[in-house]
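Trainee: fold the stuff below for me.
(one chain, ligands or ions: 1)
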Amino acid sequence: MAAHNATHAPDHASDSVRDREIESEQTHLDRVYRRLEEKIHEAEFLMDDAAKRGQVGTPGALAERDAQVFQAGVHLHRLNSEYEDFLFGRIDLLLGKDGKKGPDGAFTSVEPADGAIEDNRATIAETLHIGRLGVLDADYSPLVIDWRAPAAAPFYRATPVAPGRVVRRRVIRSKGRRVLGVEDDLMRPEVTATLDGQELPAIGDGALMAALGRARSHTMRDIVASIQAEQDMVIRAPAASVTEVEGGPGTGKTAVALHRAAYLLYQDRRRYAGGILIVSPTPLLVAYTEGVLPSLGEEGQVAIRALGSLVDGAEATAYDPPAVARIKGSSRMQKLLRKAARGALELAGPAAAAPQEAQGAAGENAQLSLEDLFTAPAGNGADNGERHGRRTRSRPSRPTPSAPARLRVVAFGGRLELDADELHAIRQSALGGTAPVNLLRPRARRLILDALWAKSGAARRYTDPELAAEARQGFDEDITTEPDFQEFLDAWWPELTPRGVLAAMADERLLGRWARRTLNQREVRQLARSLRRVEPTGHGPLSVHDVALLDELQTVLGAPMRPPRPREADPLDHLTGLEELSTYTERNGGGRSRRERLDEERTDYAHVIVDEAQDLTPMQWRMVGRRGRHATWTVVGDPAQSSWSDPDEAAVARDEALGTRPRRRFTLTVNYRNPAEIAELAAKVLALAMPGMQSPKAVRSTGLEPRFALVAEGDGGAPSADDAVLARATVAEAERLLGEVDGTVGVVVAMNRRAQARRWLAPLGDRVVALGSLEAKGLEYDATLVVSPAEIADESPAGLRVLYVALTRATRQLTVLSAERDEPDAAGVPDLLRD
Ligand SMILES: Nc1ncnc2c1ncn2[C@@H]1O[C@H](COP(=O)(O)OP(=O)(O)OP(=O)(O)O)[C@@H](O)[C@H]1O
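Mentor: Predicted coordinates for the structure are as follows:
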């Protein structure tokens with residue numbers, strides 16, 4: 001990127017010049033709003049007109065009406081959205097090399113015409129205003145260029161080193177319809193340029209610094225007015241294949257990822273109507289970032305989901321200690337889950353064969369009952385074979401919990417029986433291969449009928465194959481239409497649910513059996529204990545790692561078959577005919593919003609953006625990968641901030657998820673969040689966590705050094721490990737920071753203290769937020785208080801990297817509070833942060 005100081009060469013213009021420039025932008029903005037009002041009028045007229053045409057009632061008129069209503073509706077929605085700073089930029093350009101204009105009415109040349117500058121003097125040939133949406137004047141000249149249009153790219157890309165046609169870049173600050181200020185950067189400071197005969201002035205201290213200096217709130221702002229060149233390269237990178245972005249804390253990875261989503265939609269709205277998924281590590285980061293896309297005029301096509309809410313109906317609320325997270329996230333779980341799914345089904349088998357053994361197994365965990373493993377059988381033809389029966393009947397809502405020990409049927413007037421061993425052998429044979437367990441039931445059913453047919457000896461009576469086939473059909477129908485046979489099947493091969501299997505794994509003895517070659521005994525105990533939380537009902541709280549396991553199990557088990565839902569038309573699809581038209585009212589008036597439908601239904605997206613990618617465990621990569629099988633990808637992250645203990649294992653899973661698509665890599669190098677004073681301190685931890693890794697360069701400095709404070713009994717006392725003393729010191733330091741900054745204060749503690757810290761800090765109001773170290777990921781505050789660095793670092797094998805995250809959250813002030821465990825020196829500097 002071109003550092004701020006290099007791009008900016010302001011001429012400290014007088015107040016009157018500033019006022020005149022603001023006034024001139026105000027005139028332009030007024031013109032834009034007048035044009036927008038005209039467009040709104042046009043849209044309203046179209047709506048009215050369309051309603052009248054609807055009364056004509058011929059198919060042609062209906063088609064025309066619907067197309068008009070649709071277009072007008074889209075228009076109105078966009079124009080009526082309240083944009084704080086609708087128009088935010090301007091570039092003044094030299095004449096282009098060729099005289100061609102693009103569809104937005106702007107010249108397309110990037111390079112200036114020969115002779116555009118002579119003796120360091122030039123004339124401005126074109127002025128473009130950049131905004132959140134493109135607006136054309138009535139004569140199709142561009143009043144505002146959409147920030148994503150090619151003509152707007154020089155606004156972000158031009159630097160004094162490679163200025164192209166840009167002479168001056170201006171950021172316009174406005175509120176509602178009032179222009180408040182302008183900030184200029186001269187790209188060719190040596191050139192004296194004139195516009196309409198007047199010399200071009202440069203106003204202000206640069207837009208980037210102004211943006212970075214503003215106080216933070218609980219939601220992220222877009223950076224559309226000050227995107228830097230290296231960020232713009234990522235945002236506008238071609239969509240094909242995989243775009244990988246690395247960069248240290250505060251380099252704008254999250255901001256860039258969000259702006260890229262908006263850019264891709266602008267570039268190819270139809271393609272991305274297939275949905276863009278943004279995967280975020282925590283619900284806190286989702287809440288922090290989800291306002292950015294609406295502020296860029298994009299809503300509906302983008303789903304921002306936390307890793308713990310990617311599976312429908314699951315919402316992670318519990319936290320796994322690092323040792324358990326390590327087990328659950330590891331790719332070893334793949335094998336274990338396959339075994340558990342088959343084993344859970346087996347519980348019905350051995351139970352049928354040897355009830356004592358099944359009782360023994362279940363008895364280990366008094367809460368576990370067989371019934372809880374199963375879902376109600378799908379009453380809609382989950383098993384196609386069964387629909388061929390002559391009779392239909394309503395099945396019980398749950399299968400019989402105790403699995404049958406044998407199968408007795410009457411066919412062709414004789415009694416036939418399969419005993420426990422025979423049933424067990426049939427089950428094993430049906431389970432061979434890798435097909436999803438729930439989808440193997442028809443196969444098992446066919447194997448049972450084969451076995452009964454063989455036992456009946458009927459085959460021997462027919463030499464003619466046609467007669468034999470007919471007899472076999474009658475035989476099968478006799479059996480399968482028996483209600484008892486259906487009940488047997490429901491009990492013997494029930495439909496397993498992911499939560500049911502996960503709950504079954506809480507039984508340590510069963511888990512030990514399934515994990516024989518995958519986990520050691522200690523791991524089995526830890527995992528089983530943690531899964532007891534899921535409860536036999538499957539309704540207990542889940543952790544973010546459980547959710548990835550549920551998703552894997554969903555694949556292993558196979559989705560329960562449901563009747564296909566009628567397809568809901570996408571408003572952006574082509575209006576292809578009357579069938580589509582008839583759904584217009586439902587689309588717009590009826591029921592859930594498009595966004596809600598996206599959130600609920602999609603499991604396969606057109607583009608997947610992974611934020612904080614360094615934190616995904618192998619199992620989470622598998623989960624996310626399943627949502628982007630046909631997608632293009634943008635993956636942003638920072639290995640130095642990874643809280644996952646085994647990056648190599650995660651890298652393998654990541655490669656599998658991204659597949660063999662070609663990759664394009666970018667690195668972001670400038671830290672826009674932390675002042676140099678804070679970045680320098682954080683770099684000490686980086687050197688311990690990842691020796692040799694480069695910190696990003698902080699773009700500004702505030703002169704405010706981080707403060708060190710001590711948890712001690714009274715002034716000058718020895719460092720204390722007492723919780724009450726820690727509480728008092730934490731509250732006192734948070735209060736001090738509240739007094740020093742206007743915006744937010746984040747207090748970061750070790751994960752096992754977060755509930756405690758929330759209680760301590762609750763009385764301080766909502767400008768203060770208490771966070772466990774893993775929850776701080778991606779967030780930022782005006783001031784941060786990091787409580788006991790050693791406690792955070794010791795909490796997991798990746799603890800130092802987690803501490804690095806905690807130390808890089810502040811935009812202005814940082815306080816580090818040390819307790820006894822931190823071994824602080826007399827000045828309160830903890831051992832970890834000393835030179
Ligand atoms: N070009 C820019 N103009 C103005 N602000 C910017 C710019 N780039 C980044 N920022 C600001 O810098 C801060 C850090 O950005 P962001 O959170 O996207 O960084 P990140 O790389 O995702 O950080 P982390 O890895 O720590 O999560 C945000 O407040 C963001 O708005």
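
Trainee: ok, and the closest non-adjacent residue to the residue most central in space within the chain?
Mentor: The residue lying closest to the centre of the chain (CA atoms, centre = their mean) is residue 279, at 1.6 Å. Excluding the flanking residues, the one nearest residue 279 by CB to CB, 6 or more residues apart in numbering is residue 610, at 4.9 Å. C-beta here means a position set from N, CA and C on the backbone, and glycine is covered the same way.

Trainee: surely residue 690 is in contact with residue 642?
Mentor: No - checked against CB atoms under 8 Å, the pair residue 690 and residue 642 is beyond contact range at 9.2 Å.

Trainee: residues contacting the residue nearest to residue 279?
Mentor: By CB atoms under 8 Å, 6 or more residues apart in numbering, the contact list for residue 610 reads 279, 616, 624, 633, 634, 635, 636, 637.

Trainee: and residue 697, how many residues sit next to it?
Mentor: For residue 697, the neighbour count with other CB atoms under 10 Å is 14.

Trainee: would you list the phi and psi of it?
Mentor: phi -90, psi 120 (degrees, to the nearest 10).

Trainee: and if you look at the one 3 residues further on?
Mentor: Recorded main-chain torsions at residue 700 are phi -150, psi 170, according to degrees, to the nearest 10.

Trainee: these two touch, right, it and residue 670?
Mentor: No - at 10.1 Å, residue 700 does not count as touching residue 670 under the criterion of CB under 8 Å.

Trainee: distance between the helix of greatest length in the chain and the chain's centre?
Mentor: Longest helix of the chain, by residue count under DSSP state H: helix 15-54. Helix 15-54 sits 36 Å away from the centroid of its parent chain (CA atoms, centre = their mean, to the nearest Å).

Trainee: helices or strands next to it in the packing?
Mentor: Here helix 15-54 touches helix 59-80, strand 87-93, strand 126-131, strand 135-136, strand 142-146, strand 166-175, strand 178-186, going by 3 or more CB pairs under 8 Å, 6 or more residues apart in numbering; DSSP states H and E.

Trainee: lowest mean pLDDT across the ones you listed, which one is that?
Mentor: With a mean of 56, helix 59-80 has the lowest mean pLDDT of these.

Trainee: got the contacts of residue 610 as JSON lines, with pLDDT, distance to residue 709 and secondary structure columns?
Mentor: Output for the contacts of residue 610, formatted as JSON lines (pLDDT from 0 to 100; distance: CB to CB, whole Å; DSSP: H, G, I helix; E, B strand; the rest coil):
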{"residue": "279", "pLDDT": "97", "distance to residue 709": "37", "secondary structure": "strand"}
{"residue": "616", "pLDDT": "97", "distance to residue 709": "35", "secondary structure": "coil"}
{"residue": "624", "pLDDT": "97", "distance to residue 709": "40", "secondary structure": "helix"}
{"residue": "633", "pLDDT": "96", "distance to residue 709": "44", "secondary structure": "strand"}
{"residue": "634", "pLDDT": "97", "distance to residue 709": "40", "secondary structure": "strand"}
{"residue": "635", "pLDDT": "97", "distance to residue 709": "38", "secondary structure": "strand"}
{"residue": "636", "pLDDT": "97", "distance to residue 709": "34", "secondary structure": "strand"}
{"residue": "637", "pLDDT": "96", "distance to residue 709": "32", "secondary structure": "strand"}
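
Trainee: can I get those residues in TSV with distance to residue 243?
Mentor: Output for the contacts of residue 610, formatted as TSV (distance: CB to CB, whole Å):
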residue	distance to residue 243
279	15
616	17
624	15
633	7
634	5
635	7
636	9
637	12
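
Trainee: which of these sit farthest apart?
Mentor: Greatest spatial distance among those (CB to CB): 616 and 634, at 14.1 Å.

Trainee: circling back: tell me how far the residue nearest to residue 279 lies from the ligand.
Mentor: 12 Å (CB to the nearest ligand atom, to the nearest Å).

Trainee: mind listing what the closest residue to the ligand within the stretch 401-550 of the chain touches?
Mentor: The ligand sits closest to residue 544 of the stretch 401-550 of the chain, with a gap of 17.4 Å, by CB to the nearest ligand atom. The contact partners of residue 544, taken as CB under 8 Å, 6+ apart, are 306, 307, 308, 316, 320.

Trainee: same check, this time on residue 152
Mentor: Applying CB under 8 Å, 6+ apart to residue 152 gives the contacts 89, 128, 130, 145, 146.

Trainee: what bridges to the second one?
Mentor: Counting by DSSP bridges, residue 128 is bridged to residue 91.

Trainee: report how many residues lie close to it.
Mentor: Residues near residue 128, counting by other CB under 10 Å, number 23.

Trainee: quick check: pLDDT value at the residue of the stretch 551-700 of the chain found nearest the ligand.
Mentor: Residue of the stretch 551-700 of the chain nearest the ligand, by CB to the nearest ligand atom: residue 672 (3.6 Å). If you check residue 672, the pLDDT there is 93.
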